[in-house]
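Colleague: Got a predicted model here, sequence first, then my questions.
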Amino acid sequence: MSFFAVLFALLIEQARPLARGNWVHASFRAWARWANRSLDAGKPSHGWIAWTVAVLGPALATLLIHWLLWSVSPLLAFVWSVAMLYVTLGFRQFSHYFTDIRDALDEGDETAARELLAQWRQVDASELPRSEIVRHVIEYSVLAAHRHVFGVLGWFSVLAALGLGPAGAVFYRMAEFVSRYWVYKSKSAAAATEGASPALQQAAARAWGVIDFVPARVTSLGFAVVGSFEDAIDAWRHYTQRFADTAPAAAQNRNDGIILAATSGAVNVRLGGGALRPASRPQFAPDASQGFSAGGVEVEEPGASEATPGREPEVAHLRSIVGLVWRSVVLWMVLLALLTLARLLG
């Protein structure tokens, strides 16, 4: 059933993506704000309590509803799984920026491409050369694809096989969301009254590093299988550390660095290097309405990491990345289909 739930969710999401500011994502944000305001008293123990309530609460509610519907009819439980995957899984939550930037570069309009990148990531991209625009788009896109698609698929597939329905998908996305959102709240104008404490931010970052540990490596392995395997594995082994200063929560995990290094080797493109500058202009202020469905990558801090080997990023690499990601999706779907068939025959 997992295969068909994922298939239907992806098809529906492609045909009718969720609009920004939808009530489902707004509810997730409101829940995270409530946990922050009500349970975060600044101590490490309070941080972990707030994180547990914010992340496990929706996951447990999803599980209880799944069990209740299953007791009535397996078909209702299946529909519930499709609905939960629809709101947590999919490319259309971030791919419009990728497509618009690619189209602008195809037309030679680098100014529009810089503006779109600035709007997407809330950074100052006004001085980026063409190759750096492409590099940043590749990096943000593959990490967004991992967090919106492959990581969700991994947690959903494992927990669904254990009879826990779509709880894994909600758990993974909420863990990823709060690790970003509480940082955003602390940097926003409302930080004085609603900002998350350093203890809460640290708890969320550490938990996210553990939760994404296996999915990040599975995604990287998938990129290697459908790309240039030897080069991807070599880059994974030797160049992951080069992203340590730009990956979120670098002190707790190297997950993003592994994905970026594997991507670099899989398509033979240079990634890493000079960092983007946080934007200071008002029009680039963070938009809370995009919190849950944003690309899911922290803005790089001033500084630089050493670039990986590979060809200079070109617009053609954006098409290579699209192919890499979709081949990985096909690989996942084949594996899910085989597992589903094995369960049906067993």
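Modeller: Cool, the structure landed.
Colleague: residue boundaries of the strands in the stretch 51-200 of the chain?
Modeller: Defined through DSSP state E, counting those that start in this stretch, the strands belonging to the stretch 51-200 of the chain, from first to last, are 123-124.
Colleague: where does it dip in pLDDT?
Modeller: Judged by pLDDT under 70, the stretch 51-200 of the chain has its weakly predicted residues at 188-194.
Colleague: May I see the buried residues of stretch 98-106?
Modeller: Neighbour counts using 16 or more other C-beta atoms under 10 Å place 98, 100-102, 104-105 of stretch 98-106 among the buried residues. Every C-beta, even on glycine, is put in place using the N, C-alpha and C of the backbone.
Colleague: List the contacts of that stretch.
Modeller: The set of residues external to stretch 98-106 that reach it, using C-beta atoms under 8 Å, 6 or more residues apart in numbering, is 110, 112-113, 116-117, 120, 130, 133-134, 137, 141, 315, 318-319.
Colleague: how about the helices in the stretch 201-346 of the chain?
Modeller: Ranges of helices in the stretch 201-346 of the chain, per DSSP state H, counting those that start in this stretch, are 213-226, 229-239, 255-267, 315-345.
Colleague: List only those of the contacts of stretch 98-106 flagged as buried.
Modeller: Buried residues within the contacts of stretch 98-106, counting neighbours by 16+ other C-beta under 10 Å: 113, 116-117, 120, 130, 133-134, 137, 141, 315, 318.
Colleague: re the thing from before, export the buried residues of stretch 98-106 to a markdown table and tack on distance to residue 307?
Modeller: Listed next are the buried residues of stretch 98-106 as a markdown table, based on distance: C-beta to C-beta, whole Å:
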| residue | distance to residue 307 |
| --- | --- |
| 98 | 21 |
| 100 | 26 |
| 101 | 20 |
| 102 | 22 |
| 104 | 24 |
| 105 | 20 |
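Colleague: Filter these down to just the ones in helices.
Modeller: Within those, residues falling in helices by DSSP state H are 98, 100-102, 104-105.
Colleague: between the residues you listed, which is nearest residue 168?
Modeller: Using C-beta to C-beta, residue 98 is the member of these that sits closest to residue 168, with 26.0 Å.
Colleague: Please determine how far the closest one is located from residue 150.
Modeller: Shown here: residue 98 relative to residue 150, a distance of 16 Å by C-beta to C-beta, to the nearest Å.
Colleague: cool, and residue 137?
Modeller: As defined by C-beta to C-beta, residue 137 lies at a distance of 18 Å from residue 150.
Colleague: Report how many residues lie close to residue 68.
Modeller: The burial metric for residue 68, expressed as a neighbour count using other C-beta atoms under 10 Å, is 12.
Colleague: Oh, that last question was meant for residue 232, not what I typed.
Modeller: As a burial measure, residue 232 scores 26 neighbours (other C-beta under 10 Å).
Colleague: Make sure it is actually in contact with residue 224.
Modeller: Yes: between residue 232 and residue 224 there is a contact at 3.6 Å, judged by C-beta atoms under 8 Å.
Colleague: what sits in contact with each of those two?
Modeller: Here residue 232 and residue 224 have 262, 265-266 as joint contacts, going by C-beta under 8 Å, 6+ apart.
Colleague: JSON lines for those residues, including pLDDT and distance to residue 29?
Modeller: Formatted as JSON lines, the entries for the shared contacts of residue 232 and residue 224 read as follows, by pLDDT from 0 to 100; distance: C-beta to C-beta, whole Å:
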{"residue": "262", "pLDDT": "95", "distance to residue 29": "31"}
{"residue": "265", "pLDDT": "95", "distance to residue 29": "36"}
{"residue": "266", "pLDDT": "96", "distance to residue 29": "34"}
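Colleague: Show me which of the residues you listed is closest to residue 64.
Modeller: When the shared contacts of residue 232 and residue 224 are compared for distance to residue 64 (C-beta to C-beta), residue 262 comes out closest, at 37.2 Å.
Colleague: How many residues are close by the residue nearest to residue 79 when sequence neighbours are not counted?
Modeller: In this structure, residue 79 finds its nearest non-sequential neighbour in residue 69, 7.8 Å apart by C-beta to C-beta, 6 or more residues apart in numbering. By the other C-beta under 10 Å criterion, the neighbourhood of residue 69 contains 18 residues.
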